[in-house]
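**Q** Sequence first, predicted coordinates after that:
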Amino acid sequence: MTTKDIAIVGSGVMGLTAAHQLALRGARVTLYDRNRDVGRGCSWWAGGMLALWCEMESAEPLIGELGLESLSYWREHFPHVINKGSLVVAPPRDTPDLKRFAARTSHFEVIDGKRVAALEPDLAGRFETGLFFEKEAHLDPRKALGFLSERLQKDLGVRFVMEGDVRPEALDADHVLDCRGFEARDVLPDLRGVKGEMLIVRTSEISFARPIRLLHPRIPVYIVPRDDHHFMVGATMIESSDQSRISARSMVELLNAAYALHPSFGEAEIIETGTDVRPAFPDNLPRIRRDGKILRLNGLYRHGYLGAPALTRRAAEIVMEGKTFPEVER
């Protein structure tokens, strides 16, 4: 059987998981990116929450289907997934928002303030009730990107070409996967940008074991624990393709929301801020579009780590086995 030559453009979570899925199936893969460092786009700034049931609060059922598969993928292939669930809370005045969140989601346990404190001691006495999604998980996106990059190059023979602005149309391969995200808007005219802004802060005054979502009246915020007392605070969703730095308003509102979760965030050190533009189609669902020998994988919106492995598995089976997937080939 002839080995297929596959070129992939884009080294974010979509490109890396596509390379992984194809290399595991015996393809000869070359991955291209104009940046010298892997994943320096939306994937770098992501929260890394594998929270498919929480996402059902506003997402379509397809995201849950992709998310369940992707959760299994990360648990199988990335050894640093943290399987401690996620917690959703709201101040007493916003209890109706918590009930509304519960009505739109599943696979959770309604817990009282005592159980909230048992799960997260630093939240003791702060919330009367919450929703605990025990089967969810999270990961550090930057560790995941680095791990996949190393595995692809050292163990699976994937070649990385990290220089220059490579056009998918110019590559000589049996198949080309365009995984450029928002940069592919030149050939995907219905792709739009949704700006996201985030912070990384550091404080040794608080310790969380799992991501926590606070249903806040202005910006529902999530806080994801990282190593060395770091916390990712995110994230805004602004209908804009502007990739400039975080705005003063967004920073203030994210910090206010974090402070509402716990006052110790008021003394936290701001380590890093980040912004980028999420690629989204009008219905906020991902697509695989065929264009001759090119497959264009795009539209992950806010579901990058939750959707990429499942979408790229479908792309790999299209390329290697000739399968079709009507739910995403639109």
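**A** Yes, it's here.
**Q** so where do the helices sit in the stretch 101-250 of the chain?
**A** Remark: helices assigned in the stretch 101-250 of the chain by DSSP state H, counting those that start in this stretch are 113-119, 141-154, 248-261.
**Q** which residues touch residue 82?
**A** Counting by Cβ atoms under 8 Å, 6 or more residues apart in numbering, residue 82 makes contact with 137, 138, 139, 210. No exception for glycine: its C-beta is placed from N, CA and C like everyone else's.
**Q** So what pairs up with it in the strands?
**A** Bridge pairing for residue 82 (DSSP bridges) gives the partners residue 138.
**Q** Report pLDDT for it.
**A** pLDDT recorded at residue 82 is 98.
**Q** Make TSV from the helices of the stretch 101-250 of the chain and add mean pLDDT to it.
**A** Below are the helices of the stretch 101-250 of the chain laid out as TSV (pLDDT from 0 to 100):
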stretch	mean pLDDT
helix 113-119	98
helix 141-154	98
helix 248-261	93
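**Q** Which of the ones you listed sits closest to residue 63?
**A** Checking these against residue 63 by Cβ to Cβ gives helix 141-154 as the closest, at 18.0 Å.
**Q** Name the residues that touch that closest one?
**A** 11-13, 16-17, 19-20, 23, 29, 31, 38-39, 43-48, 74, 78-80, 158-160, 305.
**Q** Any buried residues in it, and which?
**A** By neighbour count on 16 or more other Cβ atoms under 10 Å, the buried set for helix 141-154 is 141, 142, 144, 145, 147, 148, 149, 151, 152.
**Q** Could you report the distance from the third one to residue 176?
**A** The one in question is residue 144. When distances are taken as Cβ to Cβ, to the nearest Å, residue 144 and residue 176 turn out to be 24 Å apart.
**Q** Pretty sure residue 178 is one of the things residue 185 touches, is it not?
**A** No - with contact taken as Cβ atoms under 8 Å, residue 185 and residue 178 are classed as non-touching, separated by 11.4 Å.
**Q** between these two, which one's more packed in?
**A** In terms of neighbours (other Cβ atoms under 10 Å), residue 178 is the more surrounded of residue 185 and residue 178; the figures are 26 against 17.
**Q** residues in contact with the more buried one?
**A** Residue 178 makes contact with 9, 10, 168, 184, 187, 294, 295, 296, 297, 298, according to Cβ under 8 Å, 6+ apart.
**Q** any chance of the residues you listed in CSV, with distance to residue 66, pLDDT and neighbour count too?
**A** Formatted as CSV, the contacts of residue 178 follow (distance: Cβ to Cβ, whole Å; pLDDT from 0 to 100; neighbours: other Cβ atoms under 10 Å):
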residue, distance to residue 66, pLDDT, neighbour count
9, 22, 97, 27
10, 18, 97, 29
168, 23, 96, 23
184, 19, 97, 20
187, 23, 97, 17
294, 22, 98, 18
295, 16, 98, 25
296, 17, 98, 22
297, 12, 98, 28
298, 14, 98, 26
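**Q** From those, pick the one nearest residue 93.
**A** Distance to residue 93, by Cβ to Cβ, is smallest for residue 298 among those, at 39.8 Å.
**Q** how about the closest one, phi and psi?
**A** When quoted as degrees, to the nearest 10, the phi and psi of residue 298 stand at phi -160, psi 180.
**Q** Same check on the one 4 residues further on?
**A** Here the main-chain torsion angles of residue 302 (degrees, to the nearest 10) amount to phi -100, psi 10.
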